[in-house]
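[1] Below is the structure, and that's it, no one-letter string:
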């Protein structure tokens, strides 16, 4: 998967990297047969990611093979379709978060947002009446402005996927978008949400509409009434994606919040992944509990990695965790651990069945396994500095990077989406990756997220995001969090490198 | 399965069964046609399938019942996890029987219906798999085609597709026109979700998959496992020869994949084309045994060495991986291979064994002993219900890296017994 750009991938400007087709033609027409065999290019290993790349005169040549999997050859425009309060923005935001986490630069463009900036104050549903010419003009302009920004993002700012979040309920509007995409060489994938269940719609309105800037000055009843009338404005002209008329389009129709799906003409890998993701998410209320194993023997010695057991305090934490979980009274809690002794020992104290996942194992520190930071600085000062320079992409020699971890954890995230109440007992780097997914943190922030020992994070999806409650179970433990030091230069002194190492035995 | 004859039900059944077994979910296929062939030794003609043929109806119902009985035995006695019931199941009545059977026994049911009206696809289907069927072994092609078309007609009158309204409580996927469109209803759990994802990624477009290891490496020559060395001179020669070979194959739009290890990348570099690096294609991690010779492993870790010989598929190197772990790691590669068309995968011995086992439906105990010698390209082309394999040795000598399972796998064995099957090296 493509790694996220060094700059904040949501906003930074980057020169567009031309993406040649990743396919080769081995036919005589190439004229390759007549050329003498070329000398193979020298390879050099990129010091940060440990990726082998061709080089010339000792300097790496830019080569597309740095990417692990070519997800898309051309940018993709995802277009939502559906009446108001059908979960389009919920889906847009979630999908955007997921794609960014797996390394596909994605941004959403919500037309309602553009409208709010244009029309400073929302008066009432009358704005959306189909005979309100003034309103229609403004809404068309907003859609155009949004599409313009989409174009900028996908062609100049290094974006790979743009999610165009609007009702797009008429064939005419969708046709405009398709033409726009064709002109710019974007693939289009429609995501339509169809739902007639009044309870679901009501809940939707309560969760996200009442808090909208449009209704800050209304009371609940007023707001609901107005919003219902707003939906009515769209209903008459709503043309759902048609099995026959739209058979050449690529789309997924989500019916009744995921009970049924109609999928048409999935064109490529990224669309296939999007479909798989959308088919696995649900909105049943639930909570996800994340915590690390109890304090381990190697933790207190300030050593990273390894496969040691719990200290006495770690065992105490496991007991407290058991009490905490019981008190939470969670229905049908699934418990997952890694295959490392310390998480399993922690789970054992809960006296419930648990599932071991190898992919939840801590990041592999390769040659640095079981070393203290002081020893790493001593033996591998260059590596230590490179890691501080780009902790997300840095791969330990014969080990892994955070970027590798994210790829490894993707099936865990997918299964977490499918599940309801789950407790994941894992490790510091792993927990940081999972947390970054739920809280939409960037690649730069991810490796520095605070995940202290003996603290449980309870994540509960709410509205468009995730509520986090941090529960410290009051059992002392070492601090294992090392902040980024000020000096990350290779030339720095040991003291500067070790400035932020937490205390240990 | 649900669908008229020649809609790809058995193709899907076999492929799905192969995939599920490979990822470690014990799965078995039950083809009712097979039961029918055993009950009615010789197939005369389509009249057997006429809806008013009472005698035949009785036999067919009995066959379906026998198959369901075997399904139950597979679950309870043989610890199977998934059974694929491959038959037309085109009437609501028949599907209701299956649903009751499942309910009584506490099984979940997931229907896979294949709908297709494209006459070309159906004709191609009949050509590929029906002519070779035991039913038509003594007929000439036109006769067989005629008879089969009439057979399909027998089912059409009573065919009731899964209904979006009446069957809305069922869990199913409807596949239209070989994957152009899908309707998915009420996916209940993880395995159904994986099945849907898999079915939505497979296709029937003709193509070939080329599997090869990297050229001979420096460590190969020394009889050492793992590591990240470059190619030996002979390995370099192989890389060039590979390029020549591929040109000769005249492949359209070939994608080339390598691992992140130097030796596969060096091999790809010689081809002079774009390639993609997959970390998931890296060789099995031998943990503490990385870069050791088998002799050194026997000397330093004799018990580990014996355990590995006892169960090479599940054995995990200390701080390393097992073949079982490898399969798990390679699943996204397989999924993407299913989506793609012509692909060349340049990988490693253990990795290639896992991929090959998937395509050739080899079980876990055979997988770690599949022969994947250096400097040999395997060309896999899907045909009918399986995969044609062509092996091309590119005539560049290389060491043998294949260690057979020794006779004595007991921990108490002598070093000589352990090292008996170690291939030659420097």
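    Alright, I've got the coordinates. Because the structure is a prediction, the values reported are computed rather than measured.
[2] Now do the contacts for residue 362.
    Went with chain A since none was named. A:305, A:338, A:340, A:426, A:427, A:428, A:429, A:430 (C-beta atoms under 8 Å, 6 or more residues apart in numbering or on different chains). All C-beta atoms are positioned from the backbone trio N, CA, C, and that covers glycine.
[3] actually chain B
    Listed by C-beta under 8 Å, 6+ apart, the contact set of residue B:362 reads B:356, B:370.
[4] looking at this, it is in a strand?
    No - Residue B:362: not assigned to a strand; according to DSSP: H, G, I helix; E, B strand; the rest coil it is coil.
[5] Need the pLDDT of residue A:10.
    pLDDT for residue A:10: 33.
[6] Same question for residue A:123.
    pLDDT for residue A:123: 87.
[7] By proximity to chain A, which residue of the stretch 251-400 of chain B wins?
    Minimum separation of the stretch 251-400 of chain B from chain A (C-beta to the nearest C-beta) falls at residue B:273, amounting to 3.5 Å.
[8] any idea how far that residue is from residue A:366?
    Distance of residue B:273 to residue A:366, computed by C-beta to C-beta, to the nearest Å: 31 Å.
[9] Would you mind telling me which of these two has more residues around it?
    Higher neighbour count among residue B:273 and residue A:366: residue B:273, with 20 against 15, using other C-beta atoms under 10 Å in any protein chain shown.
[10] where does the more buried one land in three-state SS?
    coil.
[11] Next up, phi/psi of it, please.
    For residue B:273, the backbone dihedrals are phi -130, psi 170 (criterion: degrees, to the nearest 10).
[12] surely it meets residue B:258?
    No - taking contacts as C-beta atoms under 8 Å, residue B:273 lies outside contact range of residue B:258: 11.5 Å.
[13] still on that earlier bit, just put the contacts of residue A:362 in TSV and tack on pLDDT, secondary structure and neighbour count.
    Shown next, in TSV, are those (pLDDT from 0 to 100; DSSP: H, G, I helix; E, B strand; the rest coil; neighbours: other C-beta atoms under 10 Å in any protein chain shown):
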residue	pLDDT	secondary structure	neighbour count
A:305	97	coil	22
A:338	97	coil	23
A:340	96	coil	22
A:426	98	strand	27
A:427	98	coil	23
A:428	98	helix	21
A:429	98	helix	24
A:430	98	helix	26
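[14] Name the nearest of those residues relative to residue A:502.
    Proximity of these to residue A:502 (C-beta to C-beta) peaks at residue A:428, which lies at 11.6 Å.
[15] what about that closest one, distance to residue A:293?
    Distance from residue A:428 to residue A:293, by C-beta to C-beta: 10 Å.
[16] and residue A:452, how many residues sit next to it?
    16.
[17] Can you tell me the SS state at it?
    Residue A:452 ends up coil, using three-state DSSP.
[18] cool, residue B:354 as well?
    helix.
[19] Tell me the pLDDT of the residue of the stretch 251-400 of chain B closest to chain A.
    Listed pLDDT for residue B:273 reads 92.
[20] Same question for residue B:5.
    Residue B:5 is given a pLDDT of 95.
[21] Now do the same contact list for the closest residue to residue A:395 other than its chain neighbours.
    Nearest-residue entry for residue A:395: residue A:401, 3.9 Å, with adjacent residues in sequence omitted and distances by C-beta to C-beta, 6 or more residues apart in numbering or on different chains. Each residue near residue A:401 by C-beta under 8 Å, 6+ apart is listed here: A:49, A:363, A:392, A:393, A:394, A:395.
[22] Out of the residues you listed, the closest to residue A:80 would be?
    For these, the nearest to residue A:80 is residue A:392 (30.2 Å; C-beta to C-beta).
[23] related to what we said a few turns ago, show me which pair in the contacts of residue A:401 is furthest apart.
    Pairwise distances among the contacts of residue A:401 were taken by C-beta to C-beta; the largest, 14.1 Å, belongs to A:49 and A:363.
[24] just to revisit the earlier point, among the contacts of residue A:401, which one has the most neighbours?
    The most crowded member of these, judged by other C-beta under 10 Å, is residue A:395 (25 neighbours).
[25] quick check, it in a strand?
    No - with three-state DSSP as the criterion, residue A:395 is located in coil rather than a strand.
[26] what stretches of the stretch 201-350 of chain B score poorly on pLDDT?
    Applying pLDDT under 70 to the stretch 201-350 of chain B flags no residue at all.
[27] For the closest residue to residue B:79 other than its chain neighbours, list the residues it contacts.
    Spatially, and ignoring its direct neighbours in sequence, residue B:79 is nearest to residue B:26 (6.5 Å; C-beta to C-beta, 6+ apart). Residue B:26 makes contacts with B:78, B:79, B:80, B:81, B:82, as judged by C-beta under 8 Å, 6+ apart.
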